[in-house]
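**Q** can you look at this prediction? I've put the sequence above it.
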Protein chains: 2
Amino acid sequence: MRTIITISREFGSGGREIGKKLAEQLGIDFYDKELLEIASKESGITQELFVKHDETYTNSFLYSLVMGSYPITPDGRINPELPLNQKIFLAQFDTIRSLAEKGPCVIVGRCADYVLRNRENVVNFFITANMAHKRRRILERYDIEKSKVEDFIRKTDKRRANYYNYYTDMKWGEARNYDLCINSSKTGIDGAVDILKAVVQTVEAAK
Amino acid sequence: MRTIITISREFGSGGREIGKKLAEQLGIDFYDKELLEIASKESGITQELFVKHDETYTNSFLYSLVMGSYPITPDGRINPELPLNQKIFLAQFDTIRSLAEKGPCVIVGRCADYVLRNRENVVNFFITANMAHKRRRILERYDIEKSKVEDFIRKTDKRRANYYNYYTDMKWGEARNYDLCINSSKTGIDGAVDILKAVVQTVEAAK
């Protein structure tokens, strides 16, 4: 079993929990926020900056000034002249690739499906849920007013979509970009984990 | 087992074959082009016109002239003043609803997921595939030049998307509209059938 699994997810869909349970059941590593800590250590950029810029694309005037710069220097380091959000994306990019080199794992978010698109043995999942379920889940986990939760969900997904659409040539949440998309409201969290596991096994057997 | 299954599909993804096999294995009825014949009988519009307008939305100047007309007359018939493509859509709409009333079945395409969106016990699937697989599949089934097949696939999907996006308030192929989207290139046709069957069983058990 050498499959690298990426999980993209709507905010509040339970994608993180599904990914974590899937990794546990398959006995492989799991990376969500954990990825930021590793990328920070590997790049020398502080973890606070990774958290601040996590899955966020901020258009910057500086970017237009450095468009001519190469992202990687001739000796293989990230060009220090790049705007910070670009550096952070590239540092995560490197970390995702090195994690995939190490062995099978589950990686949540951060354009991992795009970063690993030319690798063999990658299965890409996208998790959705009905708004009523996402509301309930976010209200249980965040200290937020009931009247503001839908707006919070929409804005978080908008941010994730902008980040993905900016750094890739694909569209976040379009079925054709993923090997399987599932609505966790219909199956429940554990039901979704079982389906995802079955898909990984089917894909491995089909080779 | 009372589940109504709708299947939307990219052209060449094997969606029809997957739906047919799923229906056989579940022992339920299957409707793809069969739906046009039934809708023709029920509406009195000839089957040729259903075939000609099948999953095709043609914007018509006439439409703007009749926008004020009600689609259904006070005695429950389709308004004869509506443009033909609207009448055909409404006749299919009625047929899809009456098939769903009759009992569990698989319905392919024709906005069935949208038509049945307020019903209980509906599971909506979307089938995709990689371009290389779609090319091969279409070349095996249609008498078409190799150099033109990708264009034919893109145009057919564009037509299906236009039809869906026009008659519904959703976007064709967006993951969040479906309960499960699957790339049949990764699992194979029979692998996809098994996964879909498992999803139907999981959804039924989760109730």
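**A** Happy to help now that I have it.

**Q** now do A:T58, the pLDDT please.
**A** pLDDT, A:T58: 63.

**Q** let me fix that, I meant to ask about A:D179.
**A** For A:D179, the pLDDT comes out at 97.

**Q** do I have it right that it meets A:V199?
**A** Yes - between A:D179 and A:V199 a contact is recorded at 7.0 Å, counting by C-beta atoms under 8 Å. From N, CA and C alone the C-beta is placed, and that goes for glycine too.

**Q** overlap in contacts, those two.
**A** Shared contacts of A:D179 and A:V199 (C-beta atoms under 8 Å, 6 or more residues apart in numbering or on different chains): A:123, A:125, B:182, B:186-187.

**Q** most neighbours among these, please name it.
**A** Neighbour tally across the shared contacts of A:D179 and A:V199 (other C-beta atoms under 10 Å in any protein chain shown): the maximum, 30 neighbours, falls on B:I182.

**Q** for the most centrally placed residue in chain A, which non-adjacent residue is spatially closest?
**A** Among the residues of chain A, the one closest to the centroid is A:G109, at 0.7 Å (C-alpha atoms, centre = their mean). Spatial nearest neighbour of A:G109, excluding adjacent residues (C-beta to C-beta, 6 or more residues apart in numbering or on different chains): A:E55 at 5.9 Å.

**Q** before we move on, which element is that neighbour in?
**A** Here A:E55 is covered by no helix or strand, with elements defined by DSSP states H and E.

**Q** look up how far chain B lies from it.
**A** Relative to chain B, A:E55 is positioned 17 Å away (C-beta to the nearest C-beta, to the nearest Å).

**Q** what sits against that residue?
**A** Contacts for A:E55 (C-beta under 8 Å, 6+ apart) come out as A:109-110, A:159-160, A:163.

**Q** do the same with A:I138
**A** A:11-12, A:144, A:149, A:152-153.

**Q** any quick ChimeraX command for the buried ones out of these?
**A** This is how ChimeraX selects the buried members of the contacts of A:I138, with burial counted by 16 or more other C-beta atoms under 10 Å in any protein chain shown:
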select /A:11,12,149,152,153
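
**Q** got the contacts of A:I138 as a markdown table, with secondary structure, distance to chain B and pLDDT columns?
**A** A markdown table is the format used below for those (DSSP: H, G, I helix; E, B strand; the rest coil; distance: C-beta to the nearest C-beta, whole Å; pLDDT from 0 to 100):
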| residue | secondary structure | distance to chain B | pLDDT |
| --- | --- | --- | --- |
| A:F11 | coil | 12 | 96 |
| A:G12 | coil | 12 | 97 |
| A:I144 | coil | 22 | 92 |
| A:V149 | helix | 17 | 95 |
| A:F152 | helix | 17 | 95 |
| A:I153 | helix | 12 | 96 |
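
**Q** now A:Y178: phi and psi?
**A** Dihedral pair for A:Y178: phi -120, psi 160, per degrees, to the nearest 10.

**Q** quick check: it touching B:N183?
**A** Yes - if you go by C-beta under 8 Å, A:Y178 and B:N183 touch, sitting 7.2 Å apart.

**Q** what's the helix or strand for the nearest residue to A:G12 once chain neighbours are set aside?
**A** Of all residues not flanking A:G12 in the chain, A:K134 sits nearest, at 3.1 Å (C-beta to C-beta, 6+ apart). Using DSSP H and E, A:K134 sits in helix A:131-141.

**Q** flag every buried residue along that helix.
**A** Using 16+ other C-beta under 10 Å as the test for burial, helix A:131-141 gives A:133-135, A:137-138.

**Q** same check, this time on stretch A:84-98
**A** Buried residues in stretch A:84-98, counted by 16+ other C-beta under 10 Å: A:85-96.

**Q** what's the answer for stretch A:40-50, then?
**A** Those would be A:40, A:43, A:45, A:49-50, for stretch A:40-50 by 16+ other C-beta under 10 Å.

**Q** span of that stretch from start to end?
**A** 7 Å (C-alpha to C-alpha, to the nearest Å).
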